[in-house]
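1. coordinates only, sequence not included:
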């Protein structure tokens, strides 16, 4: 199956094989695809012209600088014609199936964006308390500390709250925030200094669906 960026082969001989297969298939299907027959003739004519030019450029008896240049010029012409034809009559033609595209060694375009999955994991995070009256929460993907968010994740929900005893349920944390990029910073007042704050995070995907909560950690407000 062709990839999007290389469906036209670079090698001249492979290009000819691909081109002949493509034009032969189109010649069989053009009526089914509602393509005017007048648009088919240039494809077949230019395919034949390129085959002739290629043979002349490869044959030691006829291989000259002019023959090689003629082959290159003919290839560029037919490539341009093919690209315009595909864009006009194949790429967005609903009658052309994925099976047809595969038979022509053309890219199979995705029908739409794959929905982001519900996060299965939770954020790992560390708390920076180096600045007075401030906590900075650095969160990242548990599978890769260098990657801030897993694929499909929009950001992290942050819950926190004050307590004099250990907090074991995230729902007990009454303050919340959301951030799409690490770090998340919480500012406190002078009266909060010395108090213990408990913090938990969870991922949220691009559709607003949430994953499981992380473990709850605590820090003393500096």
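-> Sure, I can see it. Just so it is clear, the structure is predicted and the values come from calculations on it, not from any experiment.

2. and the nearest residue to residue 96 once chain neighbours are set aside, what does it touch?
-> The shortest distance from residue 96 to any non-neighbouring residue, by CB to CB, 6 or more residues apart in numbering, is to residue 90 (5.4 Å). In short, each C-beta sits where N, CA and C put it, glycine included. Neighbour list for residue 90: 26, 33, 96, 101, 106 [criterion: CB atoms under 8 Å, 6 or more residues apart in numbering].

3. Now do residue 90, the pLDDT please.
-> As predicted, residue 90 sits at a pLDDT of 91.

4. What spatial separation is found between it and residue 45?
-> For residue 90, the distance to residue 45 equals 19 Å [CB to CB, to the nearest Å].

5. How about residue 103?
-> 22 Å.

6. Now for the closest residue to residue 189 other than its chain neighbours: which residues touch it?
-> Nearest residue to residue 189 in three dimensions, chain neighbours excluded: residue 133, at 6.8 Å (CB to CB, 6+ apart). Contact analysis of residue 133 by CB under 8 Å, 6+ apart lists 187-190, 192-193, 221-222.

7. can I see the domain layout of this structure?
-> For the chain, the structural domains run 12-103, 124-220, going by automatic domain parsing.

8. would you turn these into TSV with distance to residue 115?
-> Below are the domains of the chain laid out as TSV (distance: least, CB to CB, whole Å):
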stretch	distance to residue 115
domain 12-103	20
domain 124-220	7
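
9. just the helices in the chain please.
-> 12-29, 40-58, 65-89, 98-103 (DSSP state H).

10. Show residues contacting the third one.
-> Outside of helix 65-89, the residues within contact range by CB under 8 Å, 6+ apart are 8, 12, 15, 19, 22, 33, 35, 39, 42-43, 46-47, 49-50, 53-54, 56-57, 106.

11. rerun at 6 Å
-> Outside helix 65-89, the residues that touch it by CB atoms under 6 Å, 6 or more residues apart in numbering are 35, 46, 49-50, 53-54, 56-57.

12. Specify the angle between that helix and helix 12-29 in degrees.
-> Our comparison of helix 65-89 with helix 12-29, counting by axes from the mean of the first three to the mean of the last three CA atoms, to 10 degrees, yields an angle of 40 degrees.

13. next one: helix 65-89 to chain centre, how far?
-> Chain-centre distance of helix 65-89: 30 Å, with CA atoms, centre = their mean, to the nearest Å.

14. Which residues are in contact with residue 128?
-> Residue 128 neighbours (CB under 6 Å, 6+ apart): residue 136.

15. what's the closest of the contacts of helix 65-89 to residue 163?
-> The closest of the contacts of helix 65-89 to residue 163 turns out to be residue 35 (CB to CB; 71.3 Å).
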